[in-house]
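Novice: using only what follows, build the 3D model:
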Amino acid sequence: MEQKWKKLAWQWRGVWVATPMVTVLVILLRSVGVLQAWEWGVYDQFLRWRPEETPDERIVVVGLDEADIQTIGQGIVPDAVYAELIGKLREQNPRAIGWDIYRDQPVNPGYEELVEVLETTPNLIGIQKVVGDRDRETVLPPPALAAKGQVGFNDLVLDPDGRVRRALISLEDQEGNTMPSFATYLAALYFAAEGIAPEAEEATGDWKFKDTVFRRIGGNIGGYVGADVGGYQMVLNYRAHPQPFEVVPFRDVLQDRLPEDWGRDRIILIGSISESSKDFFFTPYSSDLLSPPVPIPGVKLHGHIISQILSTVLDERPLITSWAEPWDWLWIALWATLGATCTWVMRHIGGTQIFALQRIGALVGLSLVLVGSTYMALLYGWWIPIVPPFLAFLGSTAAITTYIARSAGDIRKTFGRYLTAEVVATLLENPEGLKMGGERRKITILTSDLRGFTALSERLPPEEVVKILNFYLGYMADTITAYQGTIDEFMGDGILVLFGAPTVREDDPRRAIACAIAMQQAMTPVNEKMEEWGLPLLEMGIGINTGEVVVGNIGSEKRTKYGIVGSQVNLTYRIEGYTIGGQILVSETTLQAAGDEIKINGQKEVSPKGVKKPITIYDIGGIGGEYNLFLETNEEEFVVLPEPLPLQYAIVSGKDVGQADFKGHLSQLSKNRGEITYNMDAHTAPLPLTNIKLNFLASSLFPELSDDVYAKVLEKDSEPGKFYIQFTSKPPKINQILQNFYHQMQA
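Specialist: Numbering: from 1, shown residues only. This next block holds a predicted model:
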């Protein structure tokens, strides 16, 4: 189970890292208010996108416009005009009249008439300013209305960007008395006619009309972060209509142009709508993305607040609310997870194209889901944050994309261990580099193989074999890369290297020979580590050939391999098959193309399988000039065995071991080689460069038939009835017995 969880954790490592990291970062940004203005902007746009509602016929505005001022003849309306105006409106039998005009001092003529009207109109509500601000000090209400308690405050809550998104239900004045707002008082008068009285909810003390509770908001509702929620505030749900209320000018009332009972059962608001009054405020509807902001008169703003209270109680129109802050955190975490998961799952789609069409489509689709879900929630009264989750979504997407890009860079770096940076650039950055198909080209091919590694791997655990291979191939890859070779393929312990593909250079054959010598020299540190691990030493054979092949991207669109095809590839493998450990054999074409200063230890004519005519191959001892690399030559010192060791051997052809077991004796022994005598009357000696498998028979050194030992027949002059071999694979126990015996004979 533990392994299963570890595997799962690794498979989703990008998501596990990106999601919490981005979530915490976005929550921190939100907590300090960085995202607040953006969230307000989106919220405002969502409000403007809402379907248009019908105007609220229960509310009407009698507005003082510029034409009324011209008619009256002065900017400040005298008390006599208001006395006449309110008297005429009272005759319309409205449920309530709201006088949204500051009038704490007389403005003659007509003060006495106005006082009489105020004292005899029980459903008239005046205003006062309770909370002073930088623009205005507190303003007292009309004395006649204050004496009767027919006053509400008209203070508004402005956000830092100057827009009104919240409304006050009530607040405490300087004496600590709870006072209703202008809009709340008027709504309560309207409800009184319906038999609905305001109540206080027992648990919270929140205002309640009928069954509707107006919950006071906290400082982190919706897009707000640590907002000042002094008093009793709610989020203002504006009525979505260009003209939410009927508006008539003062002159229509004063000149009796209104129908009879026009104001019956309505709430009539009196206020200024003229530009000169400066009583204007910005709202979410004041501007869109392409137009300058247009404020609305304060009297209309109070109309929106009244409309919200009425429609919430009577029409079940929703209040704007939000969930608790911990749910915001989970919401942010959800979208961070979705962004990370989507990008992670689709990381392989589109191959190397980071901006694959499928990925973009999926991410755009999820973004639309976020926008659509939050918009639909707002239609039902839920203000769910969109900017923090959207940033979390983008942030986790960017984090995973960055991780993928970095992984691609790591892959490129890893690819660069086997190819030079120039080759990687040719494959990945050239428009033609990754196209399917190939071209005919003359290149130099190098193949290498460890002698006896297959037999060794059969005696070791798989993990040990992989450790040896990785260590060995690491050294070889670094060496090959240093000589600008292209590693085409790792085949177990074998390596196929190209010189001249994909980039052709004039000195490809020469570099291939230099690379081969450097690879043989690199076997010294490899074997030092093998000795440290208590494992048998490794020996490598290398074959090099130069010829014409087809090189390019081979396979299908889903699975492609950059490789080569042609008979010259097979010939290179044949040449490598003739090598013994530590040897480099090259074809005549390679030697001729490599130029001067190539040291040759010897040459031989061979007839590889599949080749019509014999070819000459050359044993490389070193290369001079700019490389100046040479192989060490160690003469094998033979000792004659006092008692030849009986053995049997069989011919190995490719992967097949012959059925016949030939008899013989090991008569001489060196560190890595041996001399075998055989009965010339019974059979002939195997041909030079033949691979054989031998087993020691029961003798003084071996109490029973030994395990398999592999060797190659050498082209070394010997007496009739004898031939020389070089051991290519010896089991550790047999190797130890022969080495001990050899050292005893030398002593």
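Novice: first to last residue in stretch 122-137, what's the distance?
Specialist: 28 Å (CA to CA, to the nearest Å).
Novice: stretch 669-681 now?
Specialist: Start-to-end, stretch 669-681 (CA to CA) is 24 Å.
Novice: buried sites along that stretch?
Specialist: By neighbour count with 16 or more other CB atoms under 10 Å, stretch 669-681 contains the buried residues 669-670, 672-678. C-betas here are computed from N, CA, C, even on glycine.
Novice: one more: stretch 618-632?
Specialist: Buried residues in stretch 618-632, counted by 16+ other CB under 10 Å: 618-623, 627, 629, 631.
Novice: and the buried residues of stretch 669-681, which of them are in strands?
Specialist: Mapping the buried residues of stretch 669-681 onto strands (DSSP state E) picks out 669, 673-678.
Novice: neighbours around the residue nearest to Thr690 when sequence neighbours are not counted, how many?
Specialist: Nearest non-adjacent residue to Thr690, counting by CB to CB, 6 or more residues apart in numbering: Val713, 4.6 Å away. A count of nearby residues for Val713, using other CB atoms under 10 Å, gives 21.
Novice: quick check: bridge partners of Val713?
Specialist: Ile725 (DSSP bridges).
Novice: oh, and call the first residue 464 from now on, that's how I've got it
Specialist: All set: I'll call the first residue 464, so the last point we hit is now Val1176.
Novice: doesn't Phe1190 make contact with it?
Specialist: No: contact criterion CB atoms under 8 Å: Val1176 and Phe1190 do not qualify, at 11.6 Å.
Novice: picking up where we left off before, now, which of the buried residues of stretch 1132-1144 sits nearest Gln771?
Specialist: Taking CB to CB as the measure, Gln771 lies nearest Asn1135 of the buried residues of stretch 1132-1144, at 97.5 Å.
Novice: relative to Phe743, how far out is that closest one?
Specialist: Per CB to CB, to the nearest Å, Asn1135 is found 101 Å from Phe743.
Novice: which is the next helix or strand following the least confident helix or strand in the chain by mean pLDDT?
Specialist: Least confident helix or strand, the chain: helix 884-892 with a mean of 55, by mean pLDDT, DSSP states H and E. Downstream of helix 884-892, the first helix or strand assigned by DSSP states H and E is strand 900-913.
Novice: dump the helix or strand following that following strand to PDB, keeping only the CA atoms.
Specialist: Per DSSP H and E, the first helix or strand lying C-terminal to strand 900-913 is helix 916-921. Extracted as PDB, the C-alpha positions of helix 916-921 are listed here (Å, rounded to 0.1, in the frame of the first residue of the first chain):
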ATOM      1  CA  PHE A 916      28.200  -9.200 -20.100                       C
ATOM      2  CA  THR A 917      25.200 -11.400 -21.000                       C
ATOM      3  CA  ALA A 918      26.600 -14.300 -19.000                       C
ATOM      4  CA  LEU A 919      27.500 -11.900 -16.200                       C
ATOM      5  CA  SER A 920      24.000 -10.400 -16.000                       C
ATOM      6  CA  GLU A 921      22.500 -13.900 -15.700                       C
END
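Novice: so for helix 916-921, mean pLDDT?
Specialist: Across helix 916-921, pLDDT averages out at 78.
Novice: distance from that helix to the middle of the chain?
Specialist: Using CA atoms, centre = their mean, to the nearest Å, the distance from the centre of helix 916-921 to the centre of the chain it belongs to is 43 Å.
Novice: could I get the buried residue list for it?
Specialist: Here helix 916-921 shows 916, 918-920 as buried, counting by 16+ other CB under 10 Å.
Novice: what's the answer for stretch 801-811, then?
Specialist: Using 16+ other CB under 10 Å as the test for burial, stretch 801-811 gives 801-807, 809-810.
Novice: from these, which two are the most distant?
Specialist: Taking CB to CB, the two most distant members of the buried residues of stretch 801-811 are Leu801 and Arg810; they sit 14.8 Å apart.
Novice: now stretch 1185-1201: average pLDDT?
Specialist: 88.
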